[in-house]
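Peer 1: Structure of the sequence below:
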Amino acid sequence: MNEEMADAILESVLDICRGYLSLEICSGIRHEEVSLEILEALEGLSVSQETTTVVSFTGALRGAVVLRGSVSIALLLVSALAGKRFDSLAGQAVEVLGELADLIAGGIRTRLSAHGEIRLTPPLVVIGSRYALYNARIFSRARQFFQVEEGTFFVECYYLKDSA
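Peer 2: Numbers count the residues shown, from 1 in each chain. As a prediction, the model looks like this:
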């Protein structure tokens with residue numbers, strides 16, 4: 001299931017970036033392909049402000065899709081999606097960032113529809129320099145890094161297959 005989830009993340013993000021954002025994007029490493037030390041170093045490269053956008057899901061799979069990167073990368077992504085330049089993550093830019101995460105989550109949901117109905121929640125956007133998101137260890141996780149000219153962001157999915 002983890003490989004299927006990682007593939008769904010990759011395909012969804014690449015489709016959305018190529019179809020809606022007109023950005024040159026390359027897929028990077030997957031979480032499973034990297035040692036814990038390298039992963040911590042990659043995550044430690046964050047600037048003073050980061051963004052994390054979360055879309056939760058329920059149904060046949062339970063968990064969340066998380067889009068995470070620096071504020072500068074988030075501004076690049078939302079400007080590309082909206083077709084206009086944003087100088088700060090406020091107001092409409094935050095709404096567009098939430099919509100981007102919702103598009104990604106919707107693409108993942110479509111690719112995993114063989115597992116059953118999956119319902120998405122509205123996105124939650126977190127912006128700051130000192131925050132942490134925690135999830136129960138019972139969840140499996142797939143993470144995929146992406147590279148744009150200006151830097152790196154990643155999408156991860158925490159999930160638990162419904163046993164019902």
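
Peer 1: how deep is Gly83 tucked in, by neighbour count?
Peer 2: 10 (other Cβ atoms under 10 Å). C-betas here are computed from N, CA, C, even on glycine.

Peer 1: Can you read off the pLDDT for it?
Peer 2: Gly83 is assigned 93 on the pLDDT scale.

Peer 1: Check Pro122 too.
Peer 2: 96.

Peer 1: low-confidence ranges in this protein?
Peer 2: Regions of the chain meeting the criterion pLDDT under 70 cover residues 29-48, 134-136, 162-164.

Peer 1: any idea whether the residue nearest to the spatial centre of it is helix, strand or coil?
Peer 2: When the chain is reduced to its mean C-alpha position, the nearest residue by Cα atoms, centre = their mean turns out to be Leu67, at 2.4 Å. Classification of Leu67 by DSSP: H, G, I helix; E, B strand; the rest coil places it in strand.

Peer 1: show me the contacts for it.
Peer 2: 51-53, 97, 100-101, 104, 153-155 (Cβ atoms under 8 Å, 6 or more residues apart in numbering).

Peer 1: List just the nearest of these to Leu81.
Peer 2: Minimum distance to Leu81 across the contacts of Leu67 is 5.5 Å, recorded for Leu100 (Cβ to Cβ).

Peer 1: Report the secondary structure state of the closest one.
Peer 2: For Leu100, the secondary structure call by three-state DSSP comes out as helix.

Peer 1: Now do the contacts for it.
Peer 2: Contact analysis of Leu100 by Cβ under 8 Å, 6+ apart lists 16, 53, 67, 77-78, 81.

Peer 1: and if you look at Ser113?
Peer 2: By Cβ under 8 Å, 6+ apart, the contact set of Ser113 is empty.

Peer 1: Backbone dihedrals for it, both of them.
Peer 2: Per-residue torsions, Ser113: phi -60, psi -20 (degrees, to the nearest 10).
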